[in-house]
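[1] Got a predicted model here, sequence first, then my questions.
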Amino acid sequence: MIPTASREEKQTDIIKAAIRVFSEHGFDGAKMEYIAKEAGIGKGTVYEYFESKDRLFEEILKFSIEGFSFGLKESIDKGETIEKKILNCSRFNAEFLNNHMDIVHIAMQVQILSKEIRIHHMAVQIVVLEHYKEMVKVAKAKGELRGDLDEELATYCIIGTLDQFCKQRIFNDPSPLGEIDHQAIVDVILKGLR
């Protein structure tokens, strides 16, 4: 007997299929029947999991935001030094934005997101902030960063630099990912401007 996918696995499969469809057709052009076909299921099954296209798109955003948080934490954990951790975060940030560019563009065009998705987004952003804060705190305790460093300010400087630089490179000045000088970003963050 072939094991059947759990409800959660089926929902994830639909979300992944919907990401591909939204990326190809945009929000307005994405039809539930396209998503069903991409997922290899009937259109009615999609509606069993998601009451509307708007709701499905919000679940895509939640799925992507959670994926970002998880991937960022993994990137931090793979580094042994603050330099390697920030380097990993820079690479991950650029790769994630590059791989999710279509969804980000669509999200910027969707006028109204539910209160639930906005609250969820803020909750995950707090988790992401905590990942960075912990990274700074550990580096400070290890003596990799100066003892009088304001941890919160350092956290925001790192996040702001990585976020803005990667968005600029991915959205406004598209360069192949291999051409982004992540080490230069890390050097500016760690050595400052003087």
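    Yes, it's here. Numbering: from 1, shown residues only.

[2] What are the buried residues along the helix or strand containing Ala123?
    Using DSSP states H and E, the element containing Ala123 is helix 115-141. When neighbours are counted by 16 or more other Cβ atoms under 10 Å, the buried residues of helix 115-141 are found to be Ile117, His120, His121, Val124, His131, Tyr132, Lys133, Met135, Val136, Ala139, Lys140. Where you see a C-beta, it was placed from the backbone N, CA and C, and this is true even at glycine.

[3] cool, stretch 19-31 as well?
    Residues of stretch 19-31 classed as buried: Ile19, Val21, Phe22, Ser23, Ala30 (neighbour count, 16+ other Cβ under 10 Å).

[4] distance between that stretch and the chain's centre?
    Its chain's C-alpha centre and that of stretch 19-31 lie 19 Å apart, by Cα atoms, centre = their mean, to the nearest Å.

[5] Show residues contacting that stretch.
    When contacts are taken as Cβ atoms under 8 Å, 6 or more residues apart in numbering, the neighbours of stretch 19-31 outside the stretch itself are 18, 34-35, 38, 53, 57, 60, 63-64, 102-103, 106, 109-110.
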